[in-house]
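**Q** Fold the stuff below for me.
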Amino acid sequence: MSSTSLWYATRASGIMALILLTLTMVLGLTTTTRARARNWPGFAQQEMHRRISMIAVAFLGIHIVTSVLDTYVSISWASVVVPFVSAYGQFWVGVGAIALDMMLAVFVTSVLRARMRPGTWRAVHWLAYLSWPVALAHSFGMGTDAGERWVIVLGVACVASVAAALLWRVRATSRQTSARTARALVPGVPPKHLELGGRPRAESRRV
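**A** Coordinates of the predicted model:
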């Protein structure tokens, strides 16, 4: 494959990875708030989130491999994971390495989730939210097309989408907290887990 082909592949895969990572962020934020589309079960949204994450990792892999193989610039395999050691574009390649390291931590812990404590997994998984703005900064700091109007519009759309999802989560969490507080203050109102399950166990044994 020629250097020109690798260059185009690097640009295209980088943009696709950014779009897919943005979708992953949006789905992750809305799934956390238990938002559900009408006639769309929760497991379907979680499965879509997982599959889009995997596709994003695939495009990210293509972006990395083509960047390293392109002989027009000098980007080593080490500089892909070790920040700020690249001979070319030291700062912005380093920013990309930081984003990649955080994404790898999230990916590995997701695979090993069944063997980890929930609190530990949740703490590491928060890196996914931090890796997205870092990856966005890498895209516009390093990207050849960063100054193009359509790329700028795409970047604004990505930021707006994540901001809207984050606002949704904050508002939904606030409503859920207010509802729980109001429920606790009303005497005689059973806990939420009893509303669908009927009477408490002690009462169900009475004849």
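**Q** how near is L6 to S139?
**A** Separation of L6 from S139 (CB to CB, to the nearest Å) stands at 18 Å. Every C-beta, even on glycine, is put in place using the N, C-alpha and C of the backbone.
**Q** Among the two, which residue is more densely surrounded?
**A** Neighbour tally, L6 and S139, criterion other CB atoms under 10 Å: the higher count belongs to S139, 25 against 19.
**Q** same for whatever helix or strand M25 lives in, what does it pack against?
**A** M25 is part of helix 3-32, with elements assigned from DSSP states H and E. Packing contacts for helix 3-32, counted by 3 or more CB pairs under 8 Å, 6 or more residues apart in numbering; DSSP states H and E, involve helix 42-69, helix 127-142, helix 149-185.
**Q** Single out the most deeply packed of the ones you listed.
**A** Mean neighbour count, computed with mean count of other CB atoms under 10 Å, is highest for helix 127-142 among the helices and strands packed on helix 3-32, reaching a mean of 19.
**Q** From start to finish, how long is stretch 145-154 in a straight line?
**A** 11 Å (CA to CA, to the nearest Å).
**Q** what mean pLDDT does that stretch have?
**A** Mean per-residue pLDDT for stretch 145-154: 90.
**Q** Let me know the pLDDT of the most centrally placed residue in the chain.
**A** The structure's the chain has its C-alpha centroid closest to M25; by CA atoms, centre = their mean the separation is 3.6 Å. For M25, the model assigns a pLDDT of 91.
**Q** Likewise for the one 4 residues further on?
**A** Per-residue confidence (pLDDT) for L29: 85.
**Q** need the contact list for the residue nearest to it when sequence neighbours are not counted.
**A** Sequence neighbours aside, A165 is the residue nearest to L29 in space, at 4.0 Å (criterion: CB to CB, 6 or more residues apart in numbering). Contacts of A165 were listed using CB atoms under 8 Å, 6 or more residues apart in numbering, and they are M25, V26, L29, T30.
**Q** Please apply the same query to L6.
**A** Counting by CB under 8 Å, 6+ apart, L6 touches T66, L69, D70, Y72.
**Q** CSV for those residues, including pLDDT and distance to H49?
**A** Shown next, in CSV, are the contacts of L6 (pLDDT from 0 to 100; distance: CB to CB, whole Å):
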residue, pLDDT, distance to H49
T66, 95, 26
L69, 94, 31
D70, 90, 32
Y72, 85, 36
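**Q** List just the nearest of those to R122.
**A** T66 (33.8 Å; CB to CB).
**Q** Just confirm the closest one contacts S13, I think it does.
**A** Yes - T66 lies in contact with S13 (CB atoms under 8 Å); the separation is 6.5 Å.
**Q** hmm, back to that, any idea which of the contacts of A165 is the one closest to L127?
**A** So of those, ranked by how close each gets to L127 (CB to CB), first place is M25, at 12.2 Å.
**Q** list the contacts for that closest one?
**A** A128, Y129, W132, S161, V162, A165.
**Q** Can you name the two of those residues that sit furthest apart?
**A** A128 and S161 (15.4 Å).
**Q** Which pLDDT value goes with G198?
**A** So G198 comes in at 47 (pLDDT).
**Q** No further queries at this time; thank you.
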